[in-house]
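Pasting the sequence and the predicted coordinates here, then a few questions.
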Amino acid sequence: MRAVVQRVFSARCAVGDETVSEIGKGLLVFLGIGKDDSISDLEYIVEKILHLRIFEDENQKTNLSINDVNGAIMIISQFTLYGDVRKGRRPSFDSAMSPSEAEGLYNEVVDRLKSSGLRIATGRFREMMRISLINDGPMTILLDSKRLF
């Protein structure tokens, strides 16, 4: 499982002309699910998202997590995080989990994040979405449950 985690002042997700979700201060998370991912990968990613210390404390040190600042999380499904362009120029998505299987794991990530008590916003699975954000920092962290980076 892979995630791109961005600290944001705000983020918005639209499908067509409809705004489906918005958050203020918090995290925008793009989540990709690999074909070999399991519950242990999900648990790793959820724990990291909830406890990453990427918000500044009173001394401008990144010592605070999303829990500490009572921020919101927007989580967007993005299979393209498994795009492989090592051979040629057109991405291969062979390492991404099939949508029918990935949707269940994505929903489980969302449910576990919601159980934290934080405000959780989502996009729409398998929809073409337009994401707008105001990045804070910028602060962008890459996560991989297989610990490849």
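Arrived safely, thanks for sending.

can we go C-alpha only for contacts and neighbour counts from here?
Fine.

Can you tell me the centre-most residue of this structure?
Central residue of the chain (CA atoms, centre = their mean): Val29, 2.1 Å from the mean position.

Parallel or antiparallel, list what pairs with the helix or strand hosting that one.
Secondary structure from DSSP states H and E places Val29 in strand 26-32. Strand pairing for strand 26-32, determined by DSSP bridges: strand 2-15 (antiparallel), strand 72-77 (parallel).

closest one to Asp136 among those strands?
Nearest to Asp136 among the strands paired with strand 26-32 is strand 2-15 (4.7 Å), distances taken as CA to CA.

moving C-terminal of the closest one, what's the next helix or strand?
Using DSSP H and E, the helix or strand that follows strand 2-15 in sequence is strand 18-23.

tell me which strands and helices that following strand is in contact with?
Here strand 18-23 touches strand 2-15, strand 72-77, strand 119-122, going by 3 or more CA pairs under 8 Å, 6 or more residues apart in numbering; DSSP states H and E.

now the longest helix along the chain against strand 26-32, angle please.
Across the chain, the helix with the greatest residue count (assigned by DSSP state H) is helix 99-114. Calculated by axes from the mean of the first three to the mean of the last three CA atoms, to 10 degrees, helix 99-114 forms an angle of 160 degrees with strand 26-32.

Can you tell me what sits against helix 99-114?
31, 33, 38-39, 42, 46, 50, 75, 77, 120, 122, 125-126 (CA atoms under 8 Å, 6 or more residues apart in numbering).

circling back: surely the residue nearest to the centre of the chain meets Leu81?
No. If you go by CA atoms under 8 Å, Val29 and Leu81 don't touch, sitting 11.6 Å apart.
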